[in-house]
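Engineer: Kindly generate the corresponding structure for this input.
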Amino acid sequence: MNIPCVARCKPMERIALDGEAQRTLEYWQSLREGNELPSRDRFSPALVKFALPRLLLMQVWPNERLVCRLAGTAIGRIMGRDLTGTDILASTPVDFRMERLRRYSNCFDGFIHWSQRIVKGADDTQIKSGLLILPFADISEDGSHQALVYVSWSPADYDGRLRTAESAFVVPEQSQYFAV
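Structural biologist: Next up, the predicted model:
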């Protein structure tokens, strides 16, 4: 585990999220059995229809690779392209790659991750972006895990695009980890 919980983690009940992110978190929590992370097969997209446009399904090879397996339509719209099948680290500047990968990898040690950052839209609008990483317990034969990711932005009704898709990956994030 890369992050000592005592030093960096907060109790989950102290997380402050917008309505859809909170509902997504509550749904993910309802899939858990006891203190264990939920298994991927318990997840039903039909039960989070409200959030589907802002959800990603990520495949994570801890400390190695990060691939988007499915991206919601609102994410594709704001990014200006569909991220499905994209190696996220390849779109991330070298200086930020290990930190981005660490954020996902740490979640499989029993954490969820919430981060925020300010990015610029194509029209120079400042957009506050949030990222909630909710890990699944399953480990594939190739050693990879999956995580459900909710992406938010403010203003919530922002209907534009980012300056470039890559611009979403070059801004440092303010991260918090929560013990589950």
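Engineer: Quick check: next helix or strand after the top helix by length along the chain?
Structural biologist: With residue count as the measure and DSSP state H as the assignment, the chain has helix 94-107 as its longest helix. Scanning forward in sequence from helix 94-107 by DSSP states H and E, the next helix or strand is strand 111-120.
Engineer: by contact count, what packs against that next one?
Structural biologist: Contact partners of strand 111-120 among helices and strands, from 3 or more Cβ pairs under 8 Å, 6 or more residues apart in numbering; DSSP states H and E: helix 94-107, strand 126-135, strand 174-179. (Glycine included, C-beta is placed from N, CA and C.)
Engineer: Confidence-wise, which of these is weakest overall?
Structural biologist: The stretch with the lowest mean pLDDT among the helices and strands packed on strand 111-120 is strand 174-179, at a mean of 71.
Engineer: show me where this protein has strands.
Structural biologist: If you assign secondary structure with DSSP state E, the strands in the chain sit at 9-11, 55-61, 65-71, 111-120, 126-135, 145-154, 174-179.
Engineer: Residue 71 and residue 131: what is the separation?
Structural biologist: Counting by Cβ to Cβ, to the nearest Å, the gap from residue 71 to residue 131 is 13 Å.
Engineer: higher neighbour count, these two?
Structural biologist: The residue with more neighbours, out of residue 71 and residue 131, is residue 71; 23 against 19, by other Cβ atoms under 10 Å.
Engineer: Is that one bridged to anything, and to what?
Structural biologist: For residue 71, the beta-bridge assignment (DSSP bridges) gives partners residue 56.
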